[in-house]
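Novice: coordinates only, no sequence provided:
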């Protein structure tokens with residue numbers, strides 16, 4: 001179960017062509033992405049398509065030449081084995097005369113923060129005498 005949900009509303013303007021789709025960064029604090037949910041409200045009627053992108057490469061749908069097309073649906077993907085980190089974006093087109101908004105939820109697990117100490121390291125110089133806390 002995700003420890004955090006990052007939510008985005010991406011509005012795709014009317015007349016956004018397939019050959020020049022809009023790409024919107026889904027910027028969030030780093031973590032391990034475990035799932036993705038996209039709500040497509042009623043209205044697009046097959047005129048809006050989107051792809052999920054990580055680091056510039058399409059990861060959903062699997063066939064990078066295709067688009068996900070939906071209307072009045074909540075689409076859910078568990079992302080086990082997918083890239084992680086925060087380099088996600090949504091690429092979309094809209095052939096309709098009205099703008100349409102897609103609602104994205106990124107399900108994230110926390111990772112250890114860089115400023116948290118991992119362990120205290122102690123350097124013992126070769127030939128230095130051992131103390132009670134150091135192995136001999």
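Specialist: Happy to help now that I have it. Quick caveat, the model's predicted, so the values are computed rather than measured.

Novice: and residue 124, what pLDDT?
Specialist: In this model, residue 124 is scored at 63, pLDDT.

Novice: ugh, typo on my part, it should be residue 84
Specialist: Taking residue 84 on its own, its pLDDT is 76.

Novice: same question, residue 33
Specialist: 89.

Novice: list the contacts of it.
Specialist: 79, 82, 83, 84, 85, 88, 106, 107, 108 (C-beta atoms under 8 Å, 6 or more residues apart in numbering). All C-beta spots, glycine's among them, are computed from the backbone N, C-alpha and C.

Novice: dihedrals phi and psi, it?
Specialist: phi -80, psi 120 (degrees, to the nearest 10).

Novice: span of stretch 37-51 from start to end?
Specialist: In stretch 37-51, first residue to last residue: 13 Å (C-alpha to C-alpha, to the nearest Å).

Novice: what comes into contact with that stretch?
Specialist: 12, 18, 21, 52, 58, 60-61, 64, 66-77, 90-96, 98, 100-105, 107.

Novice: for residue 104, which non-adjacent residue is spatially closest?
Specialist: residue 8 (4.4 Å; C-beta to C-beta, 6 or more residues apart in numbering).

Novice: rewinding a little: buried only: go through the contacts of residue 33 for me.
Specialist: 79, 82, 84, 88, 106, 107, 108 (16 or more other C-beta atoms under 10 Å).
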